[in-house]
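1. build me a structure from this.
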Amino acid sequence: MQFIQDVIYKPWPWYVVGPLIGLTVPLLLLIENKTLGISANLRHICTALLPAKSAFFQYNWKDHQWNLLFALGIVFAGIFAAVSGLLEYNFDIHPDLQKELAKHNVQLQAQAMPDFIFSTSALASFKTWLLLVAGGLLVGFGTRYAGGCTSGHTISGLSGLQWPALVATIAFMVGGIISANFVLPFLLTL
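-> Residues are numbered from 1 along each chain as shown. Sure, this is the predicted structure:
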């Protein structure tokens, strides 16, 4: 019984989860001849709900219902995890990371959903909404400009040895490093 509780209530190690995600892509390709990606779902939703005004939205979106269900499953899994208490575990934060964050006046709480991000006071902040909207627009534009999202390029594209996926993945990594080391510390001082 303790094993089952550990499997459900504790995060799985990267060396288990990584290969499971990696094996999903070839299995999906071999069994269903489909590629994994999330960002294309916005196009499918727009095509299903709005009349086609451009050639970009003139296709049979029903061929992609499986992907819409996959994305819906992600949303429901997140809701289920939050409601059921699966996200209420504590974890260890490396002391070096705590010191680095303290330099930027961030006291990181050792929980999956820290209060300084996931609280009503955080959502009442103009700064929070500005970051959410600006970040959402940048991610949306970047995803469309790159021709796919991180899961589409990094997981599916790299496994298919696609050159654009390698370029996009390198850009994602460089952007993440710049954001974490330069942009985020600047935003935390505002």
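2. residue ranges with poor pLDDT in this structure?
-> 1, 5-9, 86-90, 107-117, 188, 190 (pLDDT under 70).
3. Leu29: what's it in contact with?
-> Thr35, Gly160 (CB atoms under 8 Å, 6 or more residues apart in numbering). Bear in mind the C-beta positions are built from the backbone N, C-alpha and C, glycine included.
4. can you show me the helices along this protein?
-> For the chain, the helices defined by DSSP state H occupy 2-9, 14-32, 40-49, 65-84, 95-102, 120-123, 126-146, 150, 158-159, 163-178, 184-188.
5. run a quick neighbour tally on the closest residue to Val25 other than its chain neighbours.
-> Nearest residue to Val25 in three dimensions, chain neighbours excluded: Ser159, at 4.8 Å (CB to CB, 6 or more residues apart in numbering). A count of nearby residues for Ser159, using other CB atoms under 10 Å, gives 17.
6. now swap in Gly152 and tell me
-> Residues near Gly152, counting by other CB under 10 Å: 20.
7. distance check, the nearest residue in space to it that is not next to it in sequence against Leu30.
-> Nearest residue to Gly152, sequence neighbours excluded (CB to CB, 6+ apart): Gly37, at 3.1 Å. According to CB to CB, to the nearest Å, Gly37 and Leu30 sit 17 Å apart.
8. which one of the two has more residues nearby?
-> Higher neighbour count among Gly37 and Leu30: Gly37, with 20 against 8, using other CB under 10 Å.
9. tell me if I'm right that the more buried one and Gly147 touch.
-> No: here Gly37 lies out of contact with Gly147, judged by CB atoms under 8 Å, at a distance of 10.0 Å.
10. hang on, the earlier thing: can you tell me which of the helices of the chain is most buried?
-> helix 150 (a mean of 20; mean count of other CB atoms under 10 Å).
11. so which residues make contact with that helix?
-> The contact list for helix 150, computed with CB under 8 Å, 6+ apart, reads Thr169, Phe172.
12. with stretch 55-62 instead?
-> Contacts for stretch 55-62 (CB under 8 Å, 6+ apart): Arg43, His44, Cys46, Thr47, Ala48, Leu50, Ala52.
13. any chance of these in a markdown table, with distance to Asn67 too?
-> Formatted as a markdown table, those follow (distance: CB to CB, whole Å):
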| residue | distance to Asn67 |
| --- | --- |
| Arg43 | 10 |
| His44 | 7 |
| Cys46 | 14 |
| Thr47 | 12 |
| Ala48 | 12 |
| Leu50 | 18 |
| Ala52 | 19 |
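14. among those residues, which two are most distant?
-> Greatest spacing in the contacts of stretch 55-62, by CB to CB: His44 and Ala52 (12.5 Å).
15. name the nearest residue to Ile74, ignoring sequence neighbours.
-> Per CB to CB, 6+ apart, closest to Ile74 is Ile38, 7.5 Å.
16. how many neighbours does the one you found have?
-> 16.
17. need the contact list for it.
-> Contacts of Ile38 (CB under 8 Å, 6+ apart): Asn67, Phe70, Ala71, Ile74, Cys149, Ser151, Gly152.
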